[in-house]
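**Student:** here's a sequence, model it:
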Amino acid sequence: MGAEEIALNIAELVVFDALFGERAEAGVDAIEGFARGDGRFEGGSGLGQKAPAFVTQFDAGVLPGHSLDLVDRQRGAGELEGGCGITHVRQCRASGSPEQPTGLLDGRWGGITRSMKQIVLRWVLISGAALALGPILAAMTGIVEDSQGASAITLFVSATPALGALLGLAAIALAGAYGVLTRRLTTPGMGLFCAGVAIGWPAFTGATCEELIREAQSAGPLWIVSVEALVVGVVGVAISMRIMPRKQADDEDALIGPQAALGTAVSFLVAAIMAFLVAREGTPGQNLAATGIAAMFAVAVGKSVAPGASLIACVAGVLVVGVVGPAAGAILQGNDIVQASYLNELFPLARLTPLDWLFGTWVGVPIGASWAASMIEKKSDSKPSRARS
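**Tutor:** Here you go, the predicted model:
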């Protein structure tokens, strides 16, 4: 193996392994695993197509008009200027297609140099969300206290609900603005991810639902949390639409209609099941993990079952679980809910706060959409095989 081959392997590992520690499928990034056709999040050959071909334009057997591009105003971090991604350089050479790496440095290493610049930019943006913006947002929401002078609060449950709601919504807006900025510099998937990382700080430092119940000695706060989840969900969907704009005219990939309803329903059901299974202890870290895992599986299954549904419809389905969960806990456990909060027996879906769900949705949706793209790819690849046989 020559020096050039080693460099290409290192670049592949950095691009695909660094973010989540697992190798993405060829042409599908674990973070920005969305395809496009017209430069928008869900354009032409995007996830909304019934049989998209998630391949580069130099791959053998490519369908006309179906080429892979990581969604970006620029090319993806793993893609050379000539259209051959790093993972496909060898295939390009084997098929005789030109690599044409015309990055900042002309010549053989130009594309890799440009890729490394993109990788550095993305890590800078993730670090900014995790180490700078996130702590600022947590400090903002931490200004508000509960009736005992502690920081066990949510947006609507505190000693000063109006101030808490104002600061909380401002924190969500700032996280969303950072996501929009990241999208402009990189991709929609990375924009959602960075927004989720930032909002994860106030979600982690805020109150758990058990703490709210213990302080109130009743199920009353859970009803307020359900209303809060509705408001946060509406704001979260609106911001998500800004980060990942939908195609303006496509009946198959719609926010309304049978496919959208199916995608929303499936995403809601899968998110509820996964969160129920994971949220067993009520600790902040486990709550965040529960919503992230729930959103990943919900979008992956929802988009696979209803490929004509907009991803926004799947996002809405996930966030609705945050509205239903606390109310369901209050109804199901009734007068025993205070004891349940002390015995760690609270209904699992009632453990999760609205910010938990917003974090999980923004972090989990890009990964879930990547999985859905991979599954759709395999289905589309199997059809020609059966036809030839």
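**Student:** could you use CA atoms for every contact and neighbour count after this?
**Tutor:** Will do.
**Student:** contacting residues around the residue lying closest to residue 182 once chain neighbours are set aside?
**Tutor:** Nearest-residue entry for residue 182: residue 191, 4.8 Å, with adjacent residues in sequence omitted and distances by CA to CA, 6 or more residues apart in numbering. Neighbour list for residue 191: 178-183, 243 [criterion: CA atoms under 8 Å, 6 or more residues apart in numbering].
**Student:** can I get those residues in TSV including distance to residue 204, secondary structure and neighbour count?
**Tutor:** Output for those, formatted as TSV (distance: CA to CA, whole Å; DSSP: H, G, I helix; E, B strand; the rest coil; neighbours: other CA atoms under 10 Å):
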residue	distance to residue 204	secondary structure	neighbour count
178	19	helix	23
179	19	helix	32
180	23	helix	25
181	24	helix	18
182	22	helix	25
183	24	helix	24
243	23	helix	26
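**Student:** need the max-distance pair from the residues you listed.
**Tutor:** Farthest apart among those by CA to CA are 178 and 243. That separation is 9.6 Å.
**Student:** hang on, the earlier thing: list just the nearest of the contacts of residue 191 to residue 352.
**Tutor:** Checking those one by one against residue 352 (CA to CA), the nearest turns out to be residue 179, at 23.0 Å.
**Student:** quick check: the closest residue to that closest one other than its chain neighbours vs residue 177, distance?
**Tutor:** Ranked by CA to CA, 6+ apart and with sequence neighbours excluded, the top spatial neighbour of residue 179 is residue 191, at 4.1 Å. Taking CA to CA, to the nearest Å as the measure, residue 191 falls 9 Å from residue 177.
**Student:** all helices of the stretch 201-350 of the chain, in order?
**Tutor:** 209-216, 220-243, 258-278, 284-305, 311-333, 337-342 (DSSP state H, counting those that start in this stretch).
**Student:** single out the most deeply packed of those helices.
**Tutor:** Among these, ranked by average contacts under mean count of other CA atoms under 10 Å, first place goes to helix 284-305 (a mean of 26).
**Student:** quick one: that helix to helix 311-333, angle?
**Tutor:** Calculated by axes from the mean of the first three to the mean of the last three CA atoms, to 10 degrees, helix 284-305 forms an angle of 130 degrees with helix 311-333.
**Student:** phi, psi for the residue nearest to residue 179 please.
**Tutor:** phi -60, psi -50 (degrees, to the nearest 10).
**Student:** do residue 206 as well
**Tutor:** Per-residue torsions, residue 206: phi -80, psi -180 (degrees, to the nearest 10).
**Student:** shouldn't it be in contact with residue 156?
**Tutor:** No - the criterion here is CA atoms under 8 Å, and residue 206 misses it with residue 156 at 11.6 Å.
**Student:** which stretches of this protein have low pLDDT?
**Tutor:** 1-112, 147, 149-152, 245-254, 377-389 (pLDDT under 70).
**Student:** still on that earlier bit, now the common contact residues for residue 191 and residue 177.
**Tutor:** With CA under 8 Å, 6+ apart, residue 191 and residue 177 have no common neighbours.
**Student:** which of the helices of the stretch 201-350 of the chain sits closest to residue 359?
**Tutor:** helix 284-305 (7.1 Å).
**Student:** quick one, that closest one and helix 258-278 angle?
**Tutor:** Using the same axes, to 10 degrees: helix 284-305 against helix 258-278 is 150 degrees.
**Student:** those strands in this protein, which residues are they?
**Tutor:** For the chain, strands defined by DSSP state E do not occur.
**Student:** if you drop the residues flanking it in sequence, what lies closest to residue 271?
**Tutor:** Here the residue nearest residue 271, using CA to CA, 6+ apart, is residue 294, at 4.4 Å.
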